[in-house]
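Participant: Build me a model from this:
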Amino acid sequence: MHKDPQDNFIEDLIAKTPMTPFQVIMVILCFILNMNDGIDVLVVSYTNTKVFSEWFLTKTQQGYIFSSGLAGMTLGCLFIAPLADRIGRRKLFIYAMSLETVGMLLSSTVTSYSQLLVLRFMAGLGIGGLLPTMAAMAAEYSSERRKDLAVGFVQAGYPVGAIFMGFFAAWAVPLYGWRFAYLSAGIFSGIMLCMILFFMPESIEYLSKYQPKNALQRINKILKKMGHEKIDRLPAQKIVQKPGVRILFSDWYRAATIRLFIGIFFGFMTLYTLISWVPSVAEESGMPYKMATYAGTVLNIGAFIGCVGIGWLAAKFNLKKLMFTFLIVAFVIMVAYGNLSPGYLVILIMILLIGITVQGGFIGYYPAATRIYKTEIRATGIGWAIGSGRFGAIAGPALFGILSDLNLSNGNLFLLFSIPLLISGFAIYSVPSRNLK
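Facilitator: Take a look at the predicted model:
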């Protein structure tokens, strides 16, 4: 049977033609949303010592504050993000951002440790739903040539948000207290929710393949914004199987899925330990509060460079080899950092390099996952890969706090938490090449 060329029109339009300004704007919107997530997650790290001193917490209890938000993010990735393959990317954004906003605003009113744990979990649920869906949306509005760069760029929003929060916290927390930082982050989340409501349409690729109600009109409205001609009918519907977790372990995806789960688990373990504890460790080493906060900021400046850098390099070099190289170099730098006693300037330079290599190497898992999973299971695949891996993010900060309370030295701690980077590097290197075309 002859196949109408229009059936592939939308796929070819996005994949094979240069990106229009509208498509670039969609990627930038996802970047800004991810920047908001960096603000909300890192507000805990930057206010940690103040919460500790107000409630007389142990380091183990501090670790649980980090991990409660990460637990929410894990469940959000596993059970909220996959809804984007059923209800659409835009609706998921609205629901998840609403959850995050409420959680952050209420966190500014807490009067007890237990209340903060619950609300961090609630905000984490929203963030967890957003992160995989942003990667899917960016991939679906990007050309084939720019897809890795676009997805990497979106992930770079996270450290940019963390950088802004670092400078803001260094100024605001000493003057107005740590609750003001949470309030400000919640207000920013509310602004981002309005941005979604008024400016973000549905993924055109999702509309084309799932064809919900009024899909043709919605597609034509987006095509007009992109400067393209309207279509007079929908393409042949492509979805023949409902999205679900089971397909991730089918013969085609099984090997890649298992390796993604392992690599992301161990990558997250180290990454979130660094994000959560670097400012506190720096302050305990003798740095003033403001300079210790800047240490966390430097880590995230490095993370931004690493995210954009690996997205750009992936268009020129093999993604698996790039990630492997970044993570091995990160291992070496972390071991050196934990066993040297340099001055403040050298410490900040090493933290910058750790940010570049750890975040740059790890963030490659996002474009890798968008390549591996097709549109109809993309949010489910990314959500479960990132969500399963986030158990490492939960375990890492809490384990670091427990071992610190047992008086393990910083040198031994950094050596211990550098080993997962080796495992993560070898995991991505072993993903079958057919899954990363």
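Participant: Show me the shaky parts of the stretch 201-350 of the chain.
Facilitator: Within the stretch 201-350 of the chain, the stretches with pLDDT under 70 are 237-243, 283-287, 289, 341-342.
Participant: Run through the helices of it in chain order.
Facilitator: Secondary structure of the stretch 201-350 of the chain (DSSP state H, counting those that start in this stretch): helices at 204-210, 215-225, 254-284, 289-313, 319-339, 344-354.
Participant: mind checking which of those is nearest residue 190?
Facilitator: Of all those, helix 289-313 sits nearest to residue 190, with 23.0 Å by Cβ to Cβ. No exception for glycine: its C-beta is placed from N, CA and C like everyone else's.
Participant: how far does the closest one sit from the chain's center?
Facilitator: Distance of helix 289-313 from its chain centroid, counting by Cα atoms, centre = their mean, to the nearest Å, is 14 Å.
Participant: measure residue 405 to residue 44 for me?
Facilitator: 19 Å (Cβ to Cβ, to the nearest Å).
Participant: tell me the contacts of residue 97?
Facilitator: Counting by Cβ atoms under 8 Å, 6 or more residues apart in numbering, residue 97 touches 33, 126, 130, 189, 192-193, 196.
Participant: how about 6 Å then?
Facilitator: 193, 196 (Cβ atoms under 6 Å, 6 or more residues apart in numbering).
Participant: Same question for the one 4 residues further on.
Facilitator: For residue 101, the set of contacting residues under the criterion of Cβ under 6 Å, 6+ apart consists of 186, 189-190, 193.
Participant: Report the buried residues of the longest helix seen in the chain.
Facilitator: In the chain, taking DSSP state H as the definition, the longest helix is helix 21-55. Neighbour-count burial for helix 21-55 flags 22-23, 26-27, 29-52 (criterion: 16 or more other Cβ atoms under 10 Å).
Participant: Can you verify my assumption that residue 305 contacts residue 356?
Facilitator: Yes: under the criterion of Cβ atoms under 6 Å, residue 305 makes contact with residue 356 at 5.1 Å.
Participant: element containing residue 145?
Facilitator: Under the criterion of DSSP states H and E, residue 145 resides outside all helices and strands.
Participant: Give me the spatial nearest neighbour of it, chain neighbours excluded.
Facilitator: Among residues not flanking residue 145 along the chain, residue 315 sits closest, at 6.8 Å (Cβ to Cβ, 6 or more residues apart in numbering).
Participant: Roughly how far does residue 413 sit from residue 176?
Facilitator: According to Cβ to Cβ, residue 413 and residue 176 sit 32 Å apart.
Participant: ah, wrong one, I meant residue 122
Facilitator: In terms of Cβ to Cβ, residue 122 sits 23 Å off from residue 176.
Participant: So for those two, which sits in the more crowded spot?
Facilitator: Taking other Cβ atoms under 10 Å, residue 122 and residue 176 do not tie; residue 122 has more neighbours (20 against 12).
Participant: What confidence value was assigned to that one?
Facilitator: With respect to pLDDT, residue 122 scores 93.
Participant: thought it was touching residue 103?
Facilitator: Yes: contact criterion Cβ under 6 Å: residue 122 and residue 103 qualify, at 3.8 Å.
Participant: Report the separation between the residue nearest to the spatial centre of the chain and residue 420.
Facilitator: For the chain, the residue nearest the mean C-alpha position is residue 131 (5.1 Å; Cα atoms, centre = their mean). Distance check for residue 131 against residue 420: by Cβ to Cβ, it reads 20 Å.
Participant: Next up, the contacts around residue 94.
Facilitator: Residue 94 sits next to residue 196 when contact means Cβ under 6 Å, 6+ apart.
Participant: whoops, residue 138 was the one
Facilitator: Contacts of residue 138 (Cβ under 6 Å, 6+ apart): 27, 30, 150-151, 154.
Participant: That one and residue 303, how far apart?
Facilitator: 18 Å.
Participant: that older thread, mind putting the helices of the stretch 201-350 of the chain into a markdown table with distance to residue 17 and mean neighbour count?
Facilitator: A markdown table is the format used below for the helices of the stretch 201-350 of the chain (distance: least, Cβ to Cβ, whole Å; neighbours: other Cβ atoms under 10 Å):
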| stretch | distance to residue 17 | mean neighbour count |
| --- | --- | --- |
| helix 204-210 | 13 | 23 |
| helix 215-225 | 12 | 16 |
| helix 254-284 | 28 | 24 |
| helix 289-313 | 20 | 23 |
| helix 319-339 | 23 | 20 |
| helix 344-354 | 38 | 18 |
